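J.: Predicted coordinates and the sequence they were generated for:
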Amino acid sequence: MKKIFALGFLAISTLAAHAEYEQVNLTVFGMDCAPCAHAIHVSMKGIQGVNTVDVDLNTGLVSTKLTPGNGAAMRQFNEAVEKNGFTHKDANVIVRGQLTGSPQAPFLEVTGTKDRYALTPIAAGTDISGLVGKTVVVDGVLPQSGKGKVPDTLRYKSVTEAK
Amino acid sequence: MTCALDVCLRLIWFDLELFMKYPMVLACAVLVTSTAFAADHGPVFSYATPVNSERELSFDTGIFGRNGSQGTQLSTGSGFGYGVTPHITINAFLPASFGSGNLPESRIMSGTEWSAGASWRFLHSVTSVGKRIESTASLGLVVPGPQPDSGVLGSLHRAPGVAGTLATGLASRSQYVWVGAGYTRFADASNDRRPDTLSWSAVYGYRPSSLRRGYDKWDYRGFAELTGEHTGAVRSNGVILPDSSSTTVWLGPSVLAIFKNIAIEGGVQGPLFRDVSESVYGRERVRFAINLSYLKYSSHTSSH
């Protein structure tokens, strides 16, 4: 019995360790000057697991890469923008998580966070039904959400089984 | 402008009533909060809209000078700001002056009054990458500092006052435009009263395309700053001093240089228009300011 619990715990731990945001590239509106970018840089770096941050003032693109095993949630990235008085638009993300739901209504659950997204394809013709129940890596776009909110839909470009 | 002033006046009277009803509020305001002053990383003389980020601590220090035919007045001071929310900043400004200029009251240029207040960015419209349209109102308490004034104002008993400002404008990667106005009213003290001051400003800023660079490089922009002030009459021992009101308009350039969280700015202004009694105040010729800002941003984020 103990072995079953241990195996179960190991499986959950492994799943958690492999479910995370790998890249979050946010478009931010309203940054006009160097301190704006610096403020965003400091705030993003304050999110546990964020490894590198790059801010391009002319395009408004804030690119972050995260370390494996991080537990960062999307809400934290949005808050990092909002607390500095700016507005976040779409976010391009590469995220690893478990594909749940059904082939008709798939969901991505980012284990270790409360983030759960309904998956919809950007382009028609992508079949991900065979991946339900598996750990996957999704490259997609999170549309703009209201202040303090996280979108509930992730529009994916690609979904691949995680190695 | 009329509408803006009306709002300012209403805010000020609301504030006065509040302070009269609740002395504790007054005490807290003196200790904790303050009026927004131009500085930080905006224009050096004019009113502007930026406020601190949430949990951002800002520190300003600088030298502000006024030179006239009856002497030079210099003041230095320290300003502190703290972002309570992304749109509300509380701040305090504690100047110290030296020199012996006999010059009219000014709220654009710092004098000897300590001030504390709060700024609220009540309109914040982010329209595109790098562009914002916003409006900020500030309200604060002005109290006499430990140093006496010089000249005509130096002989007056001093009492606290309230100051309200309103600024609105646009910030972008290339251009900045802000207009603002402020009003300060002092209370009576032993039949003396410092003059009420109405001040206004308009500023245009430009960052050339070659300087729209990455944030890890120095960020420069230049401003043309137009400021104006009308000060009411000085009352001493219950008697209005003849010719003690003044109206002046000033114009001049300023430059702001920023590297990440450190900003240095400087500017100079000359008079465009003066309606000032030279026998009372002399002839003010030039105003200048140099300001250094340090901005400490918070890395705090909530856990999920």
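T.: Perfect, I can see it now.
J.: which stretches of the chain have low pLDDT?
T.: Since you didn't name a chain, this refers to chain A. For chain A, the stretches with pLDDT under 70 are A:1-19.
J.: switch to chain B, that's the one I care about
T.: In chain B, residues with pLDDT under 70: B:1-40, B:302-304.
J.: please redo it, this time with the cut-off set to 80
T.: B:1-41, B:99-101, B:110-111, B:149-152, B:300-304 (pLDDT under 80).
J.: What parts of the stretch 151-300 of chain B come near chain A?
T.: Selection of the stretch 151-300 of chain B residues close to chain A by CB under 8 Å from any CB of the partner chain yields B:171-173, B:176, B:212-215, B:217-219, B:221, B:258-261, B:263, B:295, B:297-300. Where you see a C-beta, it was placed from the backbone N, CA and C, and this is true even at glycine.
J.: Now which of these would you call buried?
T.: Listed as buried from these are B:171-173, B:176, B:212, B:215, B:219, B:221, B:258, B:260-261, B:263, B:295, B:297-298; burial here means 16 or more other CB atoms under 10 Å in any protein chain shown.
J.: how about the residues you listed, which pair is most distant?
T.: B:212 and B:298 (26.6 Å; CB to CB).
J.: just checking, residue B:97 touches residue B:72?
T.: No - look at residue B:97 against residue B:72 with CB atoms under 8 Å: they stay out of range, at 10.7 Å.
J.: who has more neighbours, these two?
T.: residue B:97 (22 against 15; other CB atoms under 10 Å in any protein chain shown).
J.: Report the beta-bridge partners for the more buried one.
T.: When bridges are called by DSSP bridges, residue B:97 pairs up with residue B:75.
J.: Give me the residue at the spatial middle of chain A.
T.: residue A:21 (4.2 Å; CA atoms, centre = their mean).
J.: got a list of what that one touches?
T.: A:49, A:66, A:70, A:72, A:74, A:93-96, A:110 (CB atoms under 8 Å, 6 or more residues apart in numbering or on different chains).
J.: For residue B:165, state which of those is nearest.
T.: Looking across these and measuring by CB to CB, the closest to residue B:165 is residue A:74, at 38.0 Å.
J.: Spatially, and excluding backbone neighbours, which residue is closest to that closest one.
T.: Among residues not flanking residue A:74 along the chain, residue A:150 sits closest, at 4.7 Å (CB to CB, 6 or more residues apart in numbering or on different chains).
J.: Over to the one you found. Which of the three states is it?
T.: Assigned with DSSP: H, G, I helix; E, B strand; the rest coil, residue A:150 falls in the coil class.
J.: related to what we said a few turns ago, list just the nearest of the contacts of residue A:21 to chain B.
T.: residue A:72 (7.5 Å; CB to the nearest CB).
J.: who touches the closest residue to the closest one other than its chain neighbours in this structure?
T.: Spatial nearest neighbour of residue A:72, chain neighbours left out: residue A:49 (4.5 Å); criterion: CB to CB, 6+ apart. Neighbour list for residue A:49: A:20-21, A:66-67, A:69-72 [criterion: CB under 8 Å, 6+ apart].
J.: and with 10 Å instead?
T.: Applying CB atoms under 10 Å, 6 or more residues apart in numbering or on different chains to residue A:49 gives the contacts A:20-21, A:64-73, A:76.
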